[in-house]
Each structure stands twice: as C-alpha cells, then as structure tokens.
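>>> Any chance you can model this:
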Amino acid sequence: SSARLANLSVRANAGRDDAALVVGFSVTGPAAKPIFVRAVGPTLGLFGVSGVLTDPLLSVKDGSGAAVSENDNWGGAAAITSAATRLGAFPLDAASRDSAVLPTLGSGAYTATVTPAGASAPGVALVELYDADVTSPTRLTNVSARAPVGTGSDVLVVGFAVGGTGNRNVLIRAIGPTLAAFGVPGTLADPRFEVLRDGVLVSANDNWNAALAPVFASVGAFALTPGSADAALALALAPGTYTVQVSGAGSSTGAALVEVYELP
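So this is what the prediction gives:
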C-alpha cells in the first residue's frame with residue numbers, strides 16, 4: 001500500500017501562553033522534505049466564522065524547541081501561493097494577515113504554534129499542515145493538536161487526509177485525563193470522538209481498550225493510565241478526507257490532545 005497521511009487541519013481558539021493553539025507532527029524518512037504550514041485567521045471570516053484571530057503569528061519549532069520557521073503576515077509570497085494552488089488549499093488574499101511557511105524538514109518531531117501577534121486579541125484560527133512532496137519516501141507519520149473542547153459548534157474538530165492507494169492503518173487518540181499527569185490544567189475529564197468521512201460515521205470510541213497498549217508502544221505514543229477515560233481506536237482507512245470530532249461525555253468541557261498516527 002502507498003497510502004499515507006497527506007494533511008491535517010484543526011480549527012480552534014488560539015490565545016497566548018498555555019492557551020496557544022499547538023499542533024505537533026513528525027517527519028520520518030531518509031531525506032528532508034517540504035512541509036506546508038498555514039495559520040489562517042482573518043480569511044476564516046469570509047467563510048462565516050465569527051470571532052476569528054485577526055492577526056495570527058505562526059512559529060514552527062523542532063523537537064529541541066529551536067525555531068525552524070516563523071511568519072506573521074504571509075504577504076503574497078510566490079512560493080506560498082504556488083504551494084497552496086498545487087496542494088488544493090483555498091486561496092488567501094495577498095494583503096491578509098494570515099500566516100504561512102514552507103520549511104524543508106528532516107526526520108524528527110516538530111510543533112506549529114499559533115498565538116495572537118502583537119496586541120491582537122485571541123480568536124479562532126485554522127492550522128493546516130500539508131505534505132508538500134508526496135513522491136518523497138519521507139513522510140508525515142503522526143500529527144497531533146492540543147486545544148480546548150467545548151460543546152455544540154465548539155467541539156474540537158480535526159481533519160486529515162489519507163492519500164495514495166490501498167488502506168492505511170491508523171491510530172487515533174483523544175486524551176484528556178492522562179494530560180493532567182503532564183501538568184496540563186483544566187483537562188477534559190471524559191473525551192470521546194467520532195470519525196467521519198464525507199459526513200458519514202466511520203467509527204467512534206469513548207473509553208480506550210487496554211488491548212491497545214502494545215499498539216501505542218509500537219509507534220512511540222506515550223502510555224495511557226490504565227482504566228482512564230481517555231479514548232483511542234486503531235482502524236484501517238481508505239484514501240479520502242476524514243474528520244475527528246472530539247466532545248466531552250455529558251457535555252463536559254476542557255483541554256484535550258488529539259493524535260493521529262500511521263501504523264506499520
């Protein structure tokens with residue numbers, strides 16, 4: 001199978017410090033490859049989204065915390081416009097305050113963090129992450145996002161695409177209680193998620209099964225507390241575009257981490 005993770009998007013509120021919108025991802029393979037990353041705020045208003053982040057600041061860092069690439073206003077850069085067109089990303093106005101970067105990244109773990117630039121207020125932002133060279137043997141092997149989970153239209157929605165041919169085995173996790181062990185405040189007590197393709201339910205999970213523990217270890221995912229109310233599921237997905245909707249049992253709210261891993 002040549003199927004692989006091709007892109008990820010997450011829309012959530014982006015604030016400062018602990019309230020920043022943080023997207024993590026890993027690149028695995030023999031050679032560096034371009035990864036296209038955008039933080040869209042103002043342009044979301046054109047799609048009817050209210051309370052948008054008017055001036056997103058995007059920062060990409062490597063596993064050591066060193067800055068790899070940073071952007072405030074993308075400014076209509078030709079390389080960014082070309083990449084967006086080639087990858088099917090919706091266009092941005094050259095004068096918008098949205099942010100975008102196209103770094104070449106080698107194997108390793110990275111984070112893309114979105115915060116309000118300058119004195120701008122917090123607001124809703126969309127982070128998009130694209131594999132910009134699907135012909136390369138190097139690939140995106142996992143993506144994650146930590147963000148607040150609300151109710152109704154404020155549930156956490158993460159989108160991702162499986163490209164190529166054949167099925168791709170993936171691990172999806174929505175973590176709340178176990179985050180508290182890492183010092184994250186206000187975690188979601190009982191996360192659950194649904195996986196949908198074109199609006200049709202593919203699978204869902206509330207509390208994870210202990211039989212998945214060896215699967216977590218096989219991809220280097222941190223262990224979950226036995227008996228915790230975190231959610232996790234392993235499944236085979238055909239090429240296509242999927243959404244993971246994370247909510248809290250009993251309409252509860254709090255911070256959660258969503259992870260999507262390629263499985264061997």
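>>> Show me the shaky parts of this structure.
Counting by pLDDT under 70, the chain shows low-confidence ranges at 1.
>>> Mind jotting down where the helices sit in it?
For the chain, the helices defined by DSSP state H cover 78-87, 213-218.
>>> roughly how far out does the shortest one sit from the chain middle?
Looking back up the chat, that one is helix 213-218. Computed by CA atoms, centre = their mean, to the nearest Å, the chain-centroid distance of helix 213-218 equals 21 Å.
>>> sorry, back to before: mind checking the helices of the chain for the one nearest to residue 136?
Evaluated over these, closeness to residue 136 peaks at helix 78-87, with 14.1 Å, by CB to CB. No exception for glycine: its C-beta is placed from N, CA and C like everyone else's.
>>> Give me the buried positions along that closest one.
80-81, 83-84 (16 or more other CB atoms under 10 Å).
>>> Which of the helices of the chain sits closest to residue 57?
Evaluated over those, closeness to residue 57 peaks at helix 78-87, with 15.9 Å, by CB to CB.
>>> how distant is that closest one from the center of its chain?
Computed by CA atoms, centre = their mean, the chain-centroid distance of helix 78-87 equals 20 Å.
>>> now do stretch 207-224
20 Å.
>>> Give me the nearest residue to residue 157, chain neighbours excluded.
In space, and not counting its chain neighbours, residue 157 is closest to residue 245: 5.4 Å by CB to CB, 6 or more residues apart in numbering.
>>> wait, I meant residue 134
Using CB to CB, 6+ apart, the closest residue to residue 134 is residue 163 (5.9 Å).
>>> Could you pull up the contacting residues of that neighbour?
Contacts for residue 163 were tallied using CB atoms under 8 Å, 6 or more residues apart in numbering; they are 3-6, 131, 134, 239.
>>> Swap in 7 Å and give it another go.
By CB atoms under 7 Å, 6 or more residues apart in numbering, the contact set of residue 163 is 3-4, 6, 134, 239.
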